[in-house]
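[1] Would you be able to build a 3D model of this:
(one chain, ligands or ions: 1)
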Amino acid sequence: MLMSQPPESARVKKPDSNKQSSSSEGLIQSTDVERNRLLAEMAEQSTDMISRHTPGDWRFIYASPAVTHLLGYSVEEIVGMSAYELYHPDDVEDFKRRSPSVSYERGLYTHNYRFRCKDGHYTWLESTSRSIRDAATDELKEILVVSRDVSQRINAEQANRRLARVLEHSSDLVAFVTPDHRVSQLNEAARDALGLEVSGHDPLQLKMLFTPESYSLLQQQAFPEAHDQGSWRGEADMYSRIHQQAIPVMLEVLAHRTLDNRLEYFSTVARDMTAIKQAEAKQQQYQQEIDHAARLITMGEMATGLAHEINQPLTAVVNYVRGIQRRMQTDRESALDDIEQPLERIGNTALRAGEIVRRMMDFTRKSDPKWELLELNSLVNDLIGFCGSAAKRHNVVLENGLPENISAVYADRIQLEQILLNLLLNGIEACHRAEHRTPLKVWLEASTDKTDQVIISVLDQGPGLPVADPEQLFEQFFTTKADGLGMGLAISRTLIERHGGQLQAENRADGGAKFSFILSST
Ligand code: ADP
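    Next up, the predicted model:
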């Protein structure tokens, strides 16, 4: 049903095949009865609705049975109704704007519009209309219309348009890429960020969108994988011509195929990660500073012990030198003969002092955590050696109780050393507080659980925990020591949490404390 007089342009759209044209001529020239018979026959077989209308008010003179399927009306109900009653109000306006003076020629006119069904809802119809005139007087007699339901197509087109609008205005950088890797379309965000335009007939080279490294990643990995598996996801760097700098992005490459599985095009959807990367870098720097401060605090706590540690070899060096000097003053000749051994000792002792200083510097140096598989026994022996003199001063014996074949753990060496050092020194100090004559013991144990995680414990024979709730010990600035900072356990716990573990304290059944944590061995 055409709802308005077709515009002038409709006249151009004449039937293009002679056959059609001549059969139409035949139809027009038939008598009314003959025409109705032909129409009825065609209409019976057609799922399209065929209708005839009076000019002007578009009253239904005839409607084929398909009207019931299409609009819900019976033929009897709709005949006599004016099509104008059933147009969507928005479309009526549109029709009225067309000039009624446009006269009907023999051209065809096709139009999409909404029509109200019997149950009240609107359906999209596509109608092709043509005028039928009296052969003798050329008077417009009626309009013949073929209509079909195009709701599905129109709805799909609308959905596509909506999707296209979302894509066009998305903050992600979207590009469509031809199978031979040329860019055929960019959305607004991509055009703005990259400073590129795609002109209709001239696709861009894909390499203009990316840094050379990312472009080769795309060529070698992303597109082949998307081609084979449908999609690829990863990080890449796009290149902004406006700002002349790389844009870090999270990139998704999708392969789009036709129904017969032929690759039609790729799309790339990139999320700008600049802000997130900057925040990450800031966080990392901040974390590094905290780590550094934490190590300085630990060092501060160890300062007395270390001073002693370095003082010892220095005193030894001075003693050796004085010994040599004395010998030189009394018996220069024989002193020269015997000088070799003391010189060697001086050298070794100075090296030992240097080693202690190097270790301190390593420990306090600002550095990125370096994750590696660490062999626990040698690390623990090293630490026990390092704390040896502190232990001796407090009349404490240190022991490595780790099984020989304990699995290696995945951790940052300096952080793990810092944690264990804190726990060992705390244990030594606790034993010192417990009045004792015979030396007390601080030792390490370790075992592997079913999931291949390693549980490491530092145990002591001290007085045990000073509070009923062990969690209190991990609060910042909690200390029971006159010169304590109360930061050691708090820091150790955060470091262990960063390794994916948990530091816990408990009293041992036969006295003393036990601090344990879990590390992964993979
Ligand atoms: P600080 O050693 O400066 O006091 P920590 O955070 O290392 O700081 O320890 C907090 C408190 O936990 C200590 O003051 C002490 O009371 C208690 N503590 C730590 N280790 C032990 C231990 N092995 N035995 C008993 N108490 C301990």
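
[2] can you give me the strands for the stretch 1-150 of the chain?
    All strands of the stretch 1-150 of the chain, identified by DSSP state E, counting those that start in this stretch, fall at 49-53, 60-63, 108-116, 122-133, 140-149.

[3] pLDDT on the fourth one, on average?
    Yep, that's strand 122-133 we're talking about. Averaged across strand 122-133, the pLDDT comes to 87.

[4] Mind exporting the C-alpha coordinates of it to CSV?
    The C-alpha trace of strand 122-133 is given here as CSV (Å, rounded to 0.1, in the frame of the first residue of the first chain):
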residue,chain,number,x,y,z
TYR,A,122,3.3,-1.6,14.1
THR,A,123,5.1,-3.6,11.5
TRP,A,124,7.5,-2.4,8.8
LEU,A,125,6.2,-3.0,5.3
GLU,A,126,7.9,-2.5,2.0
SER,A,127,5.4,-1.6,-0.7
THR,A,128,5.8,-1.3,-4.4
SER,A,129,3.0,0.6,-6.0
ARG,A,130,2.0,1.5,-9.4
SER,A,131,-0.8,3.6,-10.8
ILE,A,132,-3.5,2.3,-13.0
ARG,A,133,-5.1,4.7,-15.5
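
[5] Direction included, what does that strand pair against?
    Paired strands of strand 122-133, with direction, are strand 108-116 (antiparallel), strand 140-149 (antiparallel) (DSSP bridges).

[6] Over to the second one?
    The sheet places strand 60-63 alongside strand 49-53 (antiparallel), with pairing taken from DSSP bridges.

[7] Output the strand it pairs with as CSV, nothing but the C-alphas.
    Output in CSV follows, covering the C-alpha atoms of strand 49-53 (Å, rounded to 0.1, in the frame of the first residue of the first chain):
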residue,chain,number,x,y,z
MET,A,49,0.0,-8.9,0.2
ILE,A,50,-1.5,-7.5,-3.0
SER,A,51,-3.9,-4.7,-2.6
ARG,A,52,-5.8,-2.1,-4.7
HIS,A,53,-6.6,1.3,-3.5
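
[8] about what we covered before: need the winner for burial among the strands of the stretch 1-150 of the chain.
    Among the strands of the stretch 1-150 of the chain, strand 49-53 has the highest mean neighbour count (mean count of other Cβ atoms under 10 Å), at a mean of 23. All C-beta spots, glycine's among them, are computed from the backbone N, C-alpha and C.

[9] Bridge partners for the spatially closest residue to Q504 that is not a sequence neighbour, pull those for me.
    Spatial nearest neighbour of Q504, chain neighbours left out: S516 (5.5 Å); criterion: Cβ to Cβ, 6 or more residues apart in numbering. When bridges are called by DSSP bridges, S516 pairs up with S457, Q504.

[10] got a list of what S516 touches?
    I455, I456, S457, V458, L503, Q504, E506 (Cβ atoms under 8 Å, 6 or more residues apart in numbering).

[11] Could you rerun that using 7 Å?
    By Cβ atoms under 7 Å, 6 or more residues apart in numbering, S516 lies in contact with I455, I456, S457, Q504.

[12] what about the residue nearest the centre of the chain, which SS state?
    Centroid-nearest residue in the chain: M250, 6.4 Å away (criterion: Cα atoms, centre = their mean). Using DSSP: H, G, I helix; E, B strand; the rest coil, the structure places M250 in strand.

[13] doesn't R271 make contact with it?
    Yes. Between M250 and R271 a contact is recorded at 4.5 Å, counting by Cβ atoms under 7 Å.

[14] coming back round to it: do you know the pLDDT at the residue nearest to Q504?
    For S516, the model assigns a pLDDT of 97.

[15] Equivalent analysis for I242, please.
    I242 is assigned 85 on the pLDDT scale.
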